[in-house]
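Asks: Sequence and computational prediction follow.
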Amino acid sequence: MVCIAEFAAPQGVRGLVRLRPFTEDPEAVADYGPLYDRTGTRAFRIRITGPHKVGLVVKVDGVDDRDAAAALTGTRLHVPRSALPAIEDDEETWYQADLIGLEVVDQAGAVVGRVRAVHDFGAGDILEIDRPGDRASMMLPFTRAYVPEVSVAAGRMVIDPPEGLE
């Protein structure tokens with residue numbers, strides 16, 4: 001499952017919800033059919049009612065009041081990977097979910113760890129890299145300067161972390 005959006009907050013008193021989409025085209029979230037919670041056990045059918053500064057305002061089937069809408073706040077919405085459009089085979093395009101589990105090596109080829117997660121804290125994506133042994137995970141800005149090479153097909157990425165981050 002791939003996360004494509006998150007419920008942000010209620011909008012008004014009639015059960016509308018603000019939705020923060022993570023898709024290239026924000027309105028595409030309504031095209032994937034039902035959206036699922038992280039576990040895949042709860043399905044949500046949405047209809048876009050308009051734009052909002054955080055993304056969109058949506059009507060969720062079965063959510064008819066502010067309390068029910070508020071209960072959805074923070075719920076991340078997922079779709080099966082197979083529901084997403086195919087991507088170009090150019091090694092420069094991928095879904096963030098494709099990066100999870102990639103082996104991470106430094107420019108000398110030494111294994112640094114594996115990508116555990118890709119975080120978006122607003123200023124740009126951050127890679128969380130699990131390192132072997134008892135070492136703490138590494139947080140690395142996902143920029144061309146620090147990640148000069150990504151090969152999803154080969155299952156690895158090359159990093160050039162700033163001094164002191166190794």
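Replies: Perfect, I can see it now.

Asks: contacts and neighbour counts: CA atoms only from here.
Replies: OK.

Asks: Least confident secondary structure element in this structure?
Replies: Across the helices and strands of the chain, mean pLDDT, DSSP states H and E gives its lowest value to helix 96-99, namely a mean of 88.

Asks: Pull out the buried positions in that one.
Replies: Across helix 96-99, burial judged by 16 or more other C-alpha atoms under 10 Å covers L99.

Asks: what do you get for stretch 79-96?
Replies: 79, 94.

Asks: and what of stretch 111-118?
Replies: Counting neighbours by 16+ other C-alpha under 10 Å, stretch 111-118 gives 112-118 as buried.

Asks: Show me the chain divided up by domain.
Replies: Domain segmentation of the chain under automatic domain parsing yields 2-82, 96-159.

Asks: what's the burial count for the closest residue to V58 other than its chain neighbours?
Replies: For V58, ignoring the flanking residues on the chain, the nearest one in space by C-alpha to C-alpha, 6 or more residues apart in numbering is I48 at 4.4 Å. I48: 17 surrounding residues under other C-alpha atoms under 10 Å.

Asks: so can I have CSV of the domains of the chain showing distance to L165?
Replies: Listed next are these as CSV, based on distance: least, C-alpha to C-alpha, whole Å:
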stretch, distance to L165
domain 2-82, 29
domain 96-159, 8
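
Asks: quick one: low-confidence parts of this structure?
Replies: For the chain, residues meeting the criterion pLDDT under 70 lie at 89-91, 166.

Asks: Where does the most centrally placed residue in the chain sit: helix, strand or coil?
Replies: By C-alpha atoms, centre = their mean, the chain has its centre lying nearest to C3, at 5.0 Å. Secondary structure, DSSP: H, G, I helix; E, B strand; the rest coil: C3 is strand.

Asks: Who does the nearest residue to it once chain neighbours are set aside form a beta bridge with?
Replies: Once flanking residues are discounted, C3 sits nearest to H78: 4.2 Å by C-alpha to C-alpha, 6+ apart. Here H78 sits in beta bridges with C3, Y36, going by DSSP bridges.

Asks: Likewise for A117?
Replies: For A117, the beta-bridge partners under DSSP bridges are E128.

Asks: Apart from its neighbours in sequence, what residue is nearest V105?
Replies: V111 (4.4 Å).
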